[in-house]
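In: Model the following, please.
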Amino acid sequence: MKGFRTAIDICAIMLGVFLIVHRRVISAALTGAPMPEAPEWHKKCCPCKNKKEV
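Out: Below you'll find the predicted structure:
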């Protein structure tokens with residue numbers, strides 16, 4: 001049972017970090033504002049997302 005509680009605690013911490021890191025994107029999605037520009041390191045990780053849509 002202790003392992004399950006530890007797993008839940010780790011998931012809660014990870015969720016908190018996710019929400020802090022993506023706070024501007026979440027805010028833009030909820031308010032309908034334009035999405036913020038992704039940082040340069042993120043663009044390098046996802047090259048397929050960098051293509052301009054026509």
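
In: number of nearby residues for residue 23?
Out: 10 (other CB atoms under 10 Å). (Each C-beta comes from the backbone N, C-alpha and C, glycine too.)

In: same question, the one 4 residues further on
Out: Using other CB under 10 Å, the number of residues around residue 27 comes to 11.

In: Look up how far residue 16 lies from the most centrally placed residue in the chain.
Out: Nearest to the geometric centre of the chain sits residue 22, at 4.3 Å (CA atoms, centre = their mean). From residue 22 across to residue 16, the span is 11 Å (CB to CB, to the nearest Å).

In: same question, residue 44
Out: Distance from residue 44 to residue 16, by CB to CB: 26 Å.

In: And residue 42, by the same measure?
Out: For residue 42, the distance to residue 16 - CB to CB - is 20 Å.

In: Specify the next element, helix or strand, located C-terminal of the top helix by length along the chain.
Out: Counting residues, the longest helix found in the chain (DSSP state H) is helix 2-21. Sequence-wise, the next helix or strand downstream of helix 2-21 (DSSP states H and E) is helix 23-31.

In: pLDDT of the helix or strand following that following helix, averaged?
Out: Once the chain leaves helix 23-31, the next helix or strand it forms, by DSSP H and E, is helix 40-45. The predicted model assigns helix 40-45 a mean pLDDT of 78.

In: got it, and stretch 13-21?
Out: 96.

In: roughly how far out does it sit from the chain middle?
Out: What separates the centre of stretch 13-21 from the centre of its chain is 8 Å, taken as CA atoms, centre = their mean, to the nearest Å.

In: got the buried residues for that stretch?
Out: For stretch 13-21, burial by neighbour count (16 or more other CB atoms under 10 Å) applies to no residue.

In: for stretch 36-48, same thing?
Out: Quick answer for stretch 36-48: no buried residues (16+ other CB under 10 Å).

In: Many thanks, we can stop here.
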